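Peer 1: Okay, here's the prediction I keep looking at, along with the sequence it came from:
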Amino acid sequence: MRTARLIVAGYGKIGKAFISTLEGKASRLRDLGYDLKVVAVCEKAGSVVDADGIDLKRLLDGKVRWGKAKTLDVIRDVDADIVLELTPGNVNTGEPGLGHIRAALNGGRHVVTSNKSPLVLDYAGLDGLAGKRGVKLKIEATVGGAIPVINTCLNELKCNGIRNIYGILNGTTNYILSKMAEEGVDFQSALAEAQSLGLAEPDPSYDIEGVDTAAKVVILANAVLEGNVKLRDIRVEGIDSVTAEAVELAKEHGFVVKLVGDVAGRRVGPRLVPVDHPLNVSGSLNAILVETDVAGDITLTGAGAGPRETSSALLGDVLEVLDAVRAS
Ligand code: HSE
């Protein structure tokens with residue numbers, strides 16, 4: 001059995017979805033030889049801590065008692081192997097996630113995160129700190145929701161030179177553009193639908209103005225293409241200027257308008273994509289094209305946003321940490 005005690009920092013949409021997936025997959029995980037125990041769950045207002053493992057069903061049903069312990073204190077003081085950092089991001093400060101991740105790594109705990117902002121601000125520093133402490137920093141859930149793009153590039157494609165990665169990296173804007181093109185829905189109504197599905201960032205202007213896509217471009221540039229790229233290096237244009245008329249005109253000529261992030265080109269902006277191109281995916285799907293020297297082009301498509309889908313990437317990273325620790 002590979003055992004691990006988890007601290008879950010952040011109990012919003014993603015945190016709840018992760019706990020729900022963990023609870024729902026308990027017997028499958030046992031069959032696969034993993035024994036995962038959640039010893040603490042934290043949010044802004046306080047924490048639940050139980051060294052014997054929290055009853056996840058009672059937690060999800062709101063039947064456990066929350067204490068006052070602060071997330072940073074829990075990360076420092078509670079005995080655990082892996083910290084899941086799932087708080088909402090702020091691309092200007094990276095906080096509170098940056099502090100949580102630094103504390104966890106400094107304490108010798110592995111980190112699995114869906115939080116883009118700390119990585120956008122200090123990928124090199126955090127990756128270096130993880131290396132120095134001999135622990136893993138796993139970030140699959142930060143890009144492309146459920147799509148295993150980072151792990152595919154770093155593991156399965158590692159003998160390849162990766163020339164570029166580009167594509168649709170934001171579910172909210174793809175949802176809006178698809179609804180406008182396919183159903184003639186207006187921009188604001190499509191955005192409201194994306195928000196109600198839990199796709200959009202807490203501040204949806206991050207999605208609309210292309211900042212979320214740019215954050216993912218920075219992460220891919222640094223984690224996969226080994227650049228030293230900052231958010232300010234990316235030329236960013238959002239979809240706020242895309243009109244219903246432009247979407248209709250594109251359609252008449254056999255194109256769709258998509259918000260495309262281009263890692264090697266260091267830019268984000270609306271692009272015309274031919275209707276029969278692999279990047280033409282609908283709804284909240286993402287499509288990511290990886291250009292390699294040996295394998296050629298590989299396109300990965302799937303749910304790019306959504307709490308439940310993102311929990312697949314998180315749980316996959318937790319299991320990868322345990323496999324790596326066992327193998328070493
Ligand atoms: N708001 C993001 C999106 C969530 O719509 O893609 C996933 O990073």
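Peer 2: Now that the structure is in, tell me what you want to look at.
Peer 1: now the helices: where do they sit in the stretch 151-300 of the chain?
Peer 2: 171-183, 187-196, 205-208, 211-223, 244-252 (DSSP state H, counting those that start in this stretch).
Peer 1: and the first one, how far from the chain's centre?
Peer 2: Pointing back at helix 171-183 there. Per CA atoms, centre = their mean, to the nearest Å, the displacement of helix 171-183 from the mean C-alpha position of its chain is 20 Å.
Peer 1: list the helices and strands that helix packs on?
Peer 2: In terms of contact count using 3 or more CB pairs under 8 Å, 6 or more residues apart in numbering; DSSP states H and E, helix 171-183 is assigned the packing partners helix 187-196, helix 205-208, helix 244-252, strand 255-262, strand 285-292. All C-beta atoms are positioned from the backbone trio N, CA, C, and that covers glycine.
Peer 1: Compare those and give me the one nearest Arg102.
Peer 2: If you check each of the helices and strands packed on helix 171-183 against Arg102 by CB to CB, helix 205-208 wins as the nearest, at 23.0 Å.
Peer 1: what's the closest one in contact with?
Peer 2: Applying CB atoms under 8 Å, 6 or more residues apart in numbering, the set of residues contacting helix 205-208 from outside is 91, 170, 172-173, 176, 191, 194, 200-201, 211-212, 215, 238-240.
Peer 1: Can you tell me which of those are also in contact with the ligand?
Peer 2: For the ligand, the contacts drawn from the contacts of helix 205-208 by CB under 6 Å from any ligand atom are Asn170, Thr172, Ala200, Glu201, Asp212.
Peer 1: got a winner among those residues for most neighbours?
Peer 2: Most neighbours among these, by other CB atoms under 10 Å: Asn170, with 35 neighbours.
Peer 1: Not counting residues beside it along the chain, what's closest to Lys37?
Peer 2: Gly53 (3.7 Å; CB to CB, 6 or more residues apart in numbering).
Peer 1: Does Leu60 touch Ile19 like I think?
Peer 2: Yes. The criterion here is CB atoms under 8 Å, and Leu60 meets it with Ile19 at 6.1 Å.
Peer 1: of the two, who's got more company?
Peer 2: Between Leu60 and Ile19, counted using other CB under 10 Å, Ile19 has the larger neighbour count: 23 against 14.
Peer 1: does the more buried one really touch Asp61, like I thought?
Peer 2: No. With contact taken as CB under 8 Å, Ile19 and Asp61 are classed as non-touching, separated by 11.2 Å.
Peer 1: Give me the most central residue, the protein.
Peer 2: What sits nearest the mean C-alpha location of the chain, by CA atoms, centre = their mean, is Thr142, with 2.2 Å.
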